[in-house]
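model this:
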Amino acid sequence: MAASRDKRHQPEDLEMEQGQRDRLRIRRRRNQQKPLIGQEESRKLPQPPDLRPQAIPVRGQIPRKPKPQSVSRILPQVQPLQPGSELNPQQPKLRIPRTNPFSPNVDAGRRRTVRTPIEAPAFPRPKQQVDTSNLRPSNKRLRMGGTIPVTPAPVGTGTRRVRQAPASVSPQSKKARSPRHSQKRPLSPFIHIIRLLILGIGIGAIVGTLLSALNPATQASDKVKETPKAEVQESPSEVNTGTPLALSQEIPELKAQMQTLAAEHPTLQPGVFLVDMDTGAYLDWQSNATFASASTIKVPILVAFFQDVDEGKIRLDEPLTMQPEMIAAGSGDLQYKQAGTQYTALEVATKMIIISDNTATNMLITRLGGAAVLNARFREWGLSATSINSPLPDVEGTNTTSPKDLGNLMSLVNQGKLVSLRSRDRLLDIMQRTQTNSLLPQGLGAGAIIAHKTGNIGSLLADVGLVDMPTGKRYLVAVMVKRPHNDATAEELIRQISRTVYDYFNQPRVTPSTTLTPSEGTATISQSLTSEDSVN
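Numbering: from 1, shown residues only. Predicted structure coming up:
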């Protein structure tokens, strides 16, 4: 026993045991100082970007600011299981995948494969653009950066937890996340005041305009200002239906001479209407009686033509076509022309008066709207006895008029109430060129000018005209005589009446005035009227 003990504690054995102990001690120190395999490499390796889907806020909602959580809530502490203890269901299970500890792409802290920058995808997954115009400015940082993921540290190690940096945001994504419309700034009170002033000025202007329009004094002044203009622009068709010229009194001397002439021709029935255009003195001998118009109906047709020219309904150079149904026998030369020939409107109107062309008359009646339209216009002018009942030639005498209608019509034309002054001058110029001058012109003196129109059928002879004397006096006269068929004494009677009237106005004496007081002259006029009634 003693020998064995001595043998065991020999110096060589002791030295061997001591060396083994030292080597074990050095190995333990190295193991304690040496970190876990992959831990240093995980620190050096770049962290991959967080590709998990981010929370997308709904438009119109303001995302709530996340409350800061402690590390203990984010990473619950994992207690090591004691032998024989039961598993706590509230504690999360730590799942450690089996990986190769020597792989260079292994994250020791999170136990997952890490993509190196070379292996990362070139194009990150596009994120949905969200309208963040309604979000508060305070949440801009949260919207731009998103949540910062925290990488839990491996359990059992004394190293600190590594906080991953937020993924880099490209300029395009920042532009997409930026609000489309900047937040409206509140308007200053100065702008509100300016708007109220502008609104008040506009309302005041509108109210002022309405009050001025409704003011009776303003309306009256406007009417006074517009009265002369209305008189100037008065339509020629608006005429007085009464006597166009204010008649003063009847001329007794001419009345007596007319009775004498009528007594000398008992087979004739004359009708005479005469007016002094300067004083209004007149002679009325059965002027309201209705006579066959013959060609004197062409005078109101000529007035209607120039009235339409003034109103722009017809042009003087307008071509009028002669249709076969318009061709009429009797006076005029258009009846010998070929049907379908065209003439200007002024040429047709001129032939109707100068040579008393019946075909030209029918052409104008058709162009002016027909006989019914013209008859209605004659009624508007106050011509009660004037009417077109048949196309020309009217040998039977169905077309009618009266000496007073023709006299009133010439008086209206002379005053420019039916036509313009320019059309009046044209009309009178045409009537002064009448080729048949065997009636009224034969009773005038040298130097007198007459614009007239004759009418001649078997049962009637007539002439109406406006006479300008060398003394400057103007008067109108209309004479119509019913006669036996083609009785030549009717022509002589019209010449005598024209000579009597011209001599009366050519005498150097004062004609009866409108200011004559009731006296012996009035009694004479009444007596002559009574005698006229007895003759009728």
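
how deep is His265 tucked in, by neighbour count?
If you count neighbours by other Cβ atoms under 10 Å, His265 ends up with 17. Heads up, the C-betas are built off the backbone N, CA and C, glycines and all.

next one: the one 10 residues further on
Other residues near Val275 number 28, with proximity taken as other Cβ under 10 Å.

swap in Arg27?
Residues near Arg27, counting by other Cβ under 10 Å: 10.

nearest spatial neighbour of Val481, skipping sequence neighbours?
In this structure, Val481 finds its nearest non-sequential neighbour in Ala490, 4.4 Å apart by Cβ to Cβ, 6 or more residues apart in numbering.

so the one you found is in which element?
helix 489-506 (DSSP states H and E).

what does Gly271 give?
Here Gly271 is assigned to strand 269-276, by DSSP H and E.

so the residue nearest to Val481 sits against Val479, correct?
No - under the criterion of Cβ atoms under 8 Å, Ala490 is not in contact with Val479, lying 9.7 Å apart.

picking that back up, OK, contacts around the residue nearest to Val481?
Ala490 is in contact with 268, 461, 481, 483, counting by Cβ atoms under 8 Å, 6 or more residues apart in numbering.

and Gln323, by the same measure?
With Cβ under 8 Å, 6+ apart, Gln323 has these contacts: 339-340, 363, 366.

most widely separated two among those residues?
Spanning the widest gap among the contacts of Gln323 are Gly340 and Thr366, at 14.6 Å by Cβ to Cβ.

more neighbours: which of those two?
Set Gly340 next to Thr366 and count neighbours by other Cβ under 10 Å: Thr366 wins out with 16 against 9.

if we can go back for a sec, need the contacts of Ala490 in JSON lines with pLDDT, secondary structure and neighbour count, can you?
Converted to JSON lines, the contacts of Ala490 look like this (pLDDT from 0 to 100; DSSP: H, G, I helix; E, B strand; the rest coil; neighbours: other Cβ atoms under 10 Å):
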{"residue": "Leu268", "pLDDT": "96", "secondary structure": "coil", "neighbour count": "19"}
{"residue": "Leu461", "pLDDT": "97", "secondary structure": "strand", "neighbour count": "28"}
{"residue": "Val481", "pLDDT": "97", "secondary structure": "strand", "neighbour count": "25"}
{"residue": "Arg483", "pLDDT": "96", "secondary structure": "coil", "neighbour count": "21"}
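
now distance to Thr436 too, for those residues, in TSV please.
As requested, the contacts of Ala490 are arranged in TSV below (distance: Cβ to Cβ, whole Å):
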residue	distance to Thr436
Leu268	20
Leu461	11
Val481	16
Arg483	17
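
what ranges do the strands span in the stretch 351-500 of the chain?
Under the criterion DSSP state E, counting those that start in this stretch, strands of the stretch 351-500 of the chain are mapped to 400-401, 449-457, 460-468, 474-482.

now the ones you listed in CSV, with distance to Gly204?
Output for the strands of the stretch 351-500 of the chain, formatted as CSV (distance: least, Cβ to Cβ, whole Å):
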stretch, distance to Gly204
strand 400-401, 64
strand 449-457, 63
strand 460-468, 62
strand 474-482, 61
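
for Leu346, which of those strands is the nearest?
strand 449-457 (16.9 Å).

point out where the stretch 151-300 of the chain drops to low pLDDT.
151-187, 215-245 (pLDDT under 70).

if we go to 80?
Scanning the stretch 151-300 of the chain for pLDDT under 80 picks out 151-190, 211-246.

would you indicate which residues of stretch 368-383 are buried?
368, 371, 374, 377-378, 381-383 (16 or more other Cβ atoms under 10 Å).

so of the contacts of Gln323, which ones are in helices?
Of those, the ones assigned to helices by DSSP state H are 363, 366.

between the contacts of Gln323, which is closest to Leu274?
Taking the contacts of Gln323 together and measuring to Leu274 by Cβ to Cβ, the closest member is Met363, at 33.2 Å.

need the max-distance pair from the contacts of Ala490.
Farthest pair in these, by Cβ to Cβ: Leu268 and Leu461, 9.1 Å.

what do these two both touch?
In contact with both Leu268 and Leu461: 481, 483, 490, using Cβ under 8 Å, 6+ apart.

which one is the second one nearest to, not counting chain neighbours?
To tie it back to what came earlier, the one meant is Arg483. The nearest residue in space to Arg483 (Cβ to Cβ, 6+ apart) is Ala490, at 4.1 Å.

do Ala262 as well
Pro270 (6.0 Å).

what about the one you found, how many residues nearby?
Pro270, neighbours per other Cβ under 10 Å, totals 24.

isn't it up against Gln286?
Yes - under the criterion of Cβ under 8 Å, Pro270 makes contact with Gln286 at 7.1 Å.

got a pLDDT number for the nearest residue to Phe378 once chain neighbours are set aside?
The shortest distance from Phe378 to any non-neighbouring residue, by Cβ to Cβ, 6+ apart, is to Thr386 (4.7 Å). What the model reports as pLDDT for Thr386 is 97.

now Thr386: how far from Asp503?
For Thr386, the distance to Asp503 equals 30 Å [Cβ to Cβ, to the nearest Å].

quick one: which of those two has more around it?
The neighbour comparison of Thr386 against Asp503 (other Cβ under 10 Å) goes to Thr386, with 26 against 12.

is the more buried one in contact with Thr401, as I believe?
Yes - with contact defined as Cβ under 8 Å, Thr386 counts as touching Thr401 (4.3 Å).

which neighbours do the two share?
293, 297, 300.

picking up where we left off before, contacting residues for the residue nearest to Phe378?
For Thr386, the contact set (Cβ under 8 Å, 6+ apart) comprises 293, 297, 300, 375, 378, 400-402, 405-406, 409.

which of those residues are buried?
293, 297, 300, 378, 400-402, 405-406, 409.

determine which two of those residues are furthest apart.
Farthest pair in the buried ones among the contacts of Thr386 (Cβ to Cβ) is Thr400 and Leu409. Separation: 14.0 Å.

quick one: Met363 from Gly332, how far?
11 Å.

ok, Ile354 next?
From Ile354 to Gly332 the distance is 10 Å (Cβ to Cβ).

those two: who's more crowded?
Gly332 (22 against 18).

my guess is the more buried one contacts Lys351, does it?
Yes - using Cβ under 8 Å, Gly332 is in contact with Lys351, at 6.5 Å.

joint contacts of those two?
357, 360.
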